[in-house]
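# Build me a model:
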Amino acid sequence: MADHHLTEEHVTATVVEHADDHHGYDHLYQDPAFWVAMAIITFFLLIIWKKIPAMIGKMLDSKVSEIAAQLDNAQTLREEASALLAKYQRDQRDAEKTAGEMIAHAEAEVKLLAEESKVQVKEMIQRRSKLAEQKIAQAEVNAVKEIQQLAVRVASATAQELISANMKKANQDALIKSSIEKLDSQLH
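So this is what the prediction gives:
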């Protein structure tokens, strides 16, 4: 037990020595833990005094506002793009519809023009046929007249030959003289 008692005395002496030393430092300002604590306290006091949390909050608020504005702008651009896309799609459908109507109208016009052309060609053929028939009829009339005139000339020449062969010279002279007098009287 004596050993046990010595051990207690030893422990007590050690504790008293440590309490008086303050870990071996005579004054509080020589303790590094003190200076670390002071630096931390000073840091936080400086932050509070300079209103750094408020500044950081303002910066974060401005960044949040900027991001919100960008998101609003992006949403607006998206809506405008969607509206523009819808407009272009409508315009494309309208253009396709208009093109289809134009094609149908053009096909109808082509059919109408083809029918009109057929009618015009028939009318032109009929007019030309009538004109050709008229020309043929006129040519026939002219040919008949020429034949008649030729027949009259041939008959006159034949009659003249017959008359001159059958008539005497004296009668011829009298006939010529009477013909000349008739001509003179007609001229005056």
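# Show me the shaky parts of this protein.
Confidence mapping of the chain against pLDDT under 70 gives the ranges 1-25, 166-170, 172, 188.
# again, only this time at 50
Residues of the chain meeting the criterion pLDDT under 50: 1-4, 6, 11, 15-16, 18-22.
# What is the longest helix of it by residue count?
In the chain, taking DSSP state H as the definition, the longest helix is helix 52-166.
# helices or strands up against that one?
For helix 52-166, not one helix or strand is in contact under the criterion 3 or more C-beta pairs under 8 Å, 6 or more residues apart in numbering; DSSP states H and E. Quick note: C-beta positions are derived from backbone N, CA and C, even for glycine.
# Show me what secondary structure element comes after it.
Downstream of helix 52-166, the first helix or strand assigned by DSSP states H and E is helix 169-187.
# to the chain's geometric centre, what's the distance from that following helix?
Computed by C-alpha atoms, centre = their mean, to the nearest Å, the separation of helix 169-187 from the middle of its chain amounts to 97 Å.
# cool, and stretch 38-55?
67 Å.
# Give the buried residues for that stretch.
Within stretch 38-55, no residue is scored as buried using 16 or more other C-beta atoms under 10 Å.
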